[in-house]
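Trainee: Have a look at this fold, sequence not included:
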């Protein structure tokens, strides 16, 4: 079956940190132009999984395959969860964004007009056109999130990894960022893998969910993964999936007995 | 200008050399120190100055060149810190503290051994508080060449160092060898601190490494301008510090000059305080303008 090319293929990966098993037999892939959500509660291993994909954490078993060598050719953008920027950092936003393109190069070659044009292009793409001259340490949380995206996009990556970009944002800002990312995907032709602990903000844009719980991962279209039977197997105990007013509520640790109840998902419309 | 420059100040070769070497060290300390402050490595910078003392004191005991002793001591300390591990801030502080503790013990031993020899009575003062006016022309040349080399290496390391300093995870993901860059930078900082320790003393070299950059960071908006401002503030502190020390000889009937290190450091402190006040005034004006 042909379709969009696979950008990254995670195959049978186990990850251990300081002797503790964080991920077990993880399998999924991300395809060109896809919007994938990496969903799991705090501490489930989402950041570890993203860092493992980037080669910053070594798997104990399995492998991460980049069929087109996107990682080696630096065509993977990454927006980390924490960027501790001191208010006194002497960088304008556009200087910081440009570092995403040439920050790995030694020497002080002067930046070309082409680089500055590209910087402005990605600032436009993330709707931060007017932030270029601002000091990076003086941005609000929402502004910084957009600038971090521009920073990751400036090198024209094939895949953009975002670690909890919606954390600490109010509902309005969350919706803005998700809508913006959907537009960025179209405009920059980039696949997106975004980690979050709440699936609902992403329901309207996700092509695929990668659900992580209990060190295991289930991956596929949202309707096929976010189901009572799949998630109960994943968590290893009974889980209810409640759908109400277009939102999904995953209820873990409920009072139901037994490993995996056989009744269909609870659907409330 | 007689109110500022007492007669004969520039005809004194020791003063001319002292001002020259002081300014060279001030520039390299400011440029390197800007990253020290941005990377929250001020404690490591200060510790390296103390570790350099052990090197300088060791050189005094074993009869080596003080310059070599300070620089080699500082480099050895930096290597030890890196070997112990500096990945996280807490680990970095622990590693720095362990090396600092060991080096301070060595300094105490070497300085004690120096004081046993009465002909070296002035060495302890010189090691701890510098000897700007006793720098020889050959040492001036060596310090200048090494300083230029440090600046060139810093320029070569520039963007990866800046990237790794502001966003280490993103830098790693982009292929920056963050650990190697950190090691390279720490060694540059060690050489700088070693040079600075020879000139204004290991106890006070932290002032040149941290003070002017900290002041410049409060005021600068762009990296190039901030580096230039830090260098200018460092040069200003050293230049006017030397002049103040020389002039102070005529300030009191007792004709005793203030120590040059004291004058330099006092000016550095004045610069930092002034920069903080100016930055606060600017911030308040900005807030009022937005309101």
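Mentor: That came in fine, so what should we check first? Predicted, not measured: the structure shown is a model, and the values here were computed from it.
Trainee: show me where chain A has helices.
Mentor: Assigned by DSSP state H, chain A shows helices spanning A:46-53, A:93-102, A:113-125, A:141-153, A:171-188, A:222-225, A:228-235.
Trainee: Out of the ones you listed, which gets the lowest mean score?
Mentor: Out of the helices of chain A, helix A:228-235 stands lowest, with a mean of 80 (criterion: mean pLDDT).
Trainee: Buried residues of that helix, list them for me.
Mentor: Neighbour-count burial for helix A:228-235 flags A:228, A:230, A:231, A:232, A:233, A:234, A:235 (criterion: 16 or more other CB atoms under 10 Å in any protein chain shown). The way it works is simple: take the backbone N, C-alpha and C, and place the C-beta from them, glycine included.
Trainee: OK, contacts around the residue of chain A found nearest chain B?
Mentor: Nearest to chain B, among the residues of chain A, is residue A:103, at 3.3 Å (CB to the nearest CB). Contacts for residue A:103 (CB atoms under 8 Å, 6 or more residues apart in numbering or on different chains) come out as B:159, B:160, B:162, B:163, B:171, B:174, B:176.
Trainee: what's around residue B:167, how many residues?
Mentor: A count of neighbours around residue B:167, defined by other CB atoms under 10 Å in any protein chain shown, yields 26.
Trainee: With distance to residue B:137 added, can I get the helices of chain A in JSON lines?
Mentor: JSON lines is the format used below for these (distance: least, CB to CB, whole Å):
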{"stretch": "helix A:46-53", "distance to residue B:137": "54"}
{"stretch": "helix A:93-102", "distance to residue B:137": "41"}
{"stretch": "helix A:113-125", "distance to residue B:137": "45"}
{"stretch": "helix A:141-153", "distance to residue B:137": "49"}
{"stretch": "helix A:171-188", "distance to residue B:137": "60"}
{"stretch": "helix A:222-225", "distance to residue B:137": "76"}
{"stretch": "helix A:228-235", "distance to residue B:137": "75"}
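Trainee: closest to residue B:219 out of those?
Mentor: The closest of these to residue B:219 is helix A:93-102. By CB to CB, the value is 16.9 Å.
Trainee: what's the most distant pair in the contacts of residue A:103?
Mentor: Greatest spatial distance in the contacts of residue A:103: B:162 and B:174, 12.4 Å, computed using CB to CB.
Trainee: the more surrounded of those two?
Mentor: Ranked by neighbour count (other CB under 10 Å), residue B:162 and residue B:174 place residue B:174 first, with 27 against 23.
Trainee: Next, give phi and psi for the more buried one.
Mentor: Per-residue torsions, residue B:174: phi -90, psi 0 (degrees, to the nearest 10).
Trainee: and the residue nearest to it when sequence neighbours are not counted, what does it touch?
Mentor: Leaving aside its chain neighbours, residue B:174 sits nearest to residue A:104 (5.1 Å; criterion: CB to CB, 6 or more residues apart in numbering or on different chains). By CB under 8 Å, 6+ apart, the contact list for residue A:104 reads A:74, B:159, B:160, B:163, B:171, B:174, B:175, B:176.
Trainee: So what's the predicted local confidence for residue A:104?
Mentor: Per-residue confidence at residue A:104 stands at 90 (pLDDT).
Trainee: quick one: residue A:159 and residue A:73 touch, right?
Mentor: No - look at residue A:159 against residue A:73 with CB atoms under 8 Å: they stay out of range, at 11.5 Å.
Trainee: more crowded one of the two?
Mentor: Just comparing residue A:159 and residue A:73: by other CB under 10 Å the higher neighbour count belongs to residue A:159, 24 against 13.
Trainee: Apart from its neighbours in sequence, what residue is nearest the spatially most central residue of chain A?
Mentor: Per CA atoms, centre = their mean, the C-alpha nearest to the average position across chain A is that of residue A:194, at 1.8 Å. Distances taken as CB to CB, 6+ apart put residue A:162 closest to residue A:194, at 4.5 Å, once the chain neighbours are dropped.
Trainee: My read is that the one you found contacts residue A:191, right?
Mentor: No - using CB under 8 Å, residue A:162 is not in contact with residue A:191, being 11.5 Å away.
Trainee: Relative to chain A, which residue of chain B is the closest?
Mentor: Here chain B gets closest to chain A at one residue, residue B:163, 3.3 Å apart by CB to the nearest CB.
Trainee: Okay, now the unreliable bits of the chain?
Mentor: Reading this off chain A. Low-confidence segments of chain A (pLDDT under 70): A:1-2, A:253-269.
Trainee: think we crossed wires, I meant chain B
Mentor: The model of chain B has pLDDT under 70 over residues B:1-9, B:85-90, B:118-122, B:203, B:290-291.
Trainee: Around chain A, which positions in it sit nearby?
Mentor: Neighbours of chain A within chain B, by CB under 8 Å from any CB of the partner chain: B:38, B:155-160, B:162-163, B:166-167, B:169-176, B:216-218, B:220-223, B:225-226.
Trainee: just the helices in the stretch 101-250 of chain B please.
Mentor: With helices called from DSSP state H, counting those that start in this stretch, the stretch 101-250 of chain B shows them at B:123-129, B:137-166, B:168-173, B:178-200, B:205-219, B:223-247.
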